[in-house]
Structures are given as C-alpha cells and as structure tokens.
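Undergrad: Below: sequence and its predicted model.
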Amino acid sequence: MGVRSKRDAMNATDAKNRFGELLDSARSNPVTIEKNGRAVAVLVSAERFELYQALGNIPAEQVNGRISELILKGLAFERQMKVEQDYLEFNRALAEQAPSKTGEAASFIEKMMSAKAFEPEDETEDFF
C-alpha cells in the first residue's frame, strides 16, 4: 500500500531498445517495465531510490506515531472549523431572531445552548 505517483510504463523489449529514453524518463517519474503485460520492475532516479532507502530505515513505530499525530491534528482542525461554523450560525440566528423582550432572548439562547452546538459530538473528540 504505497503512495501512487505518476508512473510511465514500457515493455521489456522497448526498454532494451530505448534504454537512453528509459533513463531520461526515470529521472522525473518511476517507469514500470512490463513483460507479458505484467509489471516486473520499476526504474527510479538515484535520488528517489536514496529517499526510499532512507524511509525504509525509519522504525515503523516512529512512522505510525507521526501518522497518528497528523491524523489527530487534522481531526482537531476539522472540529475547530465545525465549532466556528456553529458559532457563526448561532450568531446569525440570534441576529435574525431579534427578540423584543429580554425573556424571549433568554429562552432563545437557552434553546440554542440546549442543542449542545458548542460541545464535542463524542467524548473521544475532546482530546486537547
């Protein structure tokens, strides 16, 4: 399960006959070499190969921890955006309501707050 990038493909016979072109192509994008319609090899630039080797030397638990951290940050950002949207909606509704009496304003605010618009939907979301 890897990250897919733009990848060119070439059959083995063309790869042999057009080796210089194959090398030029591999500098910018990985090139899949196929034999009988099946991928048998991928040619990548030296820089990309070194990057793959370096990434392969990172302990899996370190990678998994960083991925989890990024997911949590993304969830926190999504939740923040939801709260801001709820807040704007609340203010818009409050302005549209424009109650004439203080009692009506208080009951409207109680109604909005009882909808729990500003609370986490799930306790697991409240991780910060």
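TA: Thanks, I have it. Numbering: from 1, shown residues only.
Undergrad: From one end of stretch 40-47 to the other, what's the distance?
TA: 21 Å (Cα to Cα, to the nearest Å).
Undergrad: Just to check, Pro30 is in contact with Glu47?
TA: No - in this structure Pro30 lies outside contact range of Glu47 using Cβ atoms under 8 Å: 11.8 Å. C-beta: built from backbone N, CA, C; applies to glycine.
Undergrad: Give the residue from these two that has the larger number of neighbours.
TA: The neighbour comparison of Pro30 against Glu47 (other Cβ atoms under 10 Å) goes to Pro30, with 18 against 9.
Undergrad: Ala9 in helix, strand or coil?
TA: State at Ala9, reduced to three classes by DSSP: H, G, I helix; E, B strand; the rest coil: strand.
Undergrad: Show me what it bridges to in the sheet.
TA: Thr32 (DSSP bridges).
Undergrad: Tell me who's in contact with it.
TA: 31-34, 39 (Cβ atoms under 8 Å, 6 or more residues apart in numbering).
Undergrad: Mark which of these are buried, thanks.
TA: 31-34 (16 or more other Cβ atoms under 10 Å).
Undergrad: can you tell me the distance between the two ends of stretch 49-63?
TA: In terms of Cα to Cα, the two terminal residues of stretch 49-63 are separated by 19 Å.
Undergrad: Repeat that for stretch 32-47.
TA: End residues of stretch 32-47 are separated by 17 Å (Cα to Cα).
Undergrad: same question for it, mean pLDDT?
TA: When pLDDT is averaged along stretch 32-47, the result is 92.
Undergrad: residues in contact with that stretch?
TA: 7-12, 15, 22-23, 26-28, 30-31, 52.
Undergrad: make it 10 Å
TA: Stretch 32-47 is contacted by residues 5, 7-16, 19, 22-23, 25-31, 48-52 when judged by Cβ atoms under 10 Å, 6 or more residues apart in numbering.
Undergrad: Need the buried ones from the residues you listed selected in PyMOL.
TA: In PyMOL, the members of those classed as buried (16+ other Cβ under 10 Å) are selected with the following command:
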select buried, resi 10+15+22+25+26+30+31+48
